[in-house]
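Novice: This is a predicted model, with the sequence first.
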Amino acid sequence: MAFRELVAEIDSVVFDTLADVGYIEGRRVLGMFSAPWLQPKIGRLNTGLREPCFHIRVADAAGVEKTQTVLIELPALDGGGEYTLTHLEPAGDGLVALSLRLKA
């Protein structure tokens, strides 16, 4: 088994077990959502606020484009809600990071 096939198999198990559910333009996609609403701090130095991010598999990223609507199926206090996709960035590890902005 090739390395990429092995990683894809591991990702499949991890995503099926631990993933958050999102909808990109109505299409159900499994991914890992993070919304760092509080600034990370090092001592008293603020490191800045990062934007919410939804990591999906490359295979699920086909047809995904900037400005599309992404719905994260989580409670609002956990960051769930409707977002606008602002940036896609392949990570080189079989995942694509979707940078999001909360819709008003």
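Specialist: All right, it came through fine.
Novice: Can you give the contact residues for the strand ranked longest in the chain?
Specialist: When the chain is parsed with DSSP state E, its longest strand is strand 81-90. If you take CB atoms under 8 Å, 6 or more residues apart in numbering as the criterion, strand 81-90 is touched by 24, 51-52, 54, 58, 61, 64-72, 96-103. Bear in mind the C-beta positions are built from the backbone N, C-alpha and C, glycine included.
Novice: Ok, stretch 66-75 next?
Specialist: 20-25, 33, 54, 79-88, 98, 100, 103.
Novice: Of these, grab the buried ones for ChimeraX.
Specialist: Buried members of the contacts of stretch 66-75, defined by 16 or more other CB atoms under 10 Å, are picked up in ChimeraX with:
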select :20,22,24,33,54,79,80,81,83,85,98,100
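Novice: Nearest the middle, which residue of the protein would you pick?
Specialist: Centroid-nearest residue in the chain: Phe54, 0.9 Å away (criterion: CA atoms, centre = their mean).
Novice: thinking again about what came up before, name the strands paired with the longest strand of the chain and say parallel or antiparallel.
Specialist: Strand pairing for strand 81-90, determined by DSSP bridges: strand 69-72 (antiparallel), strand 95-102 (antiparallel).
Novice: centre of the chain versus the shortest one, how much separation?
Specialist: The reference is to strand 69-72. On the basis of CA atoms, centre = their mean, to the nearest Å, strand 69-72 sits 10 Å off its chain's mean C-alpha point.
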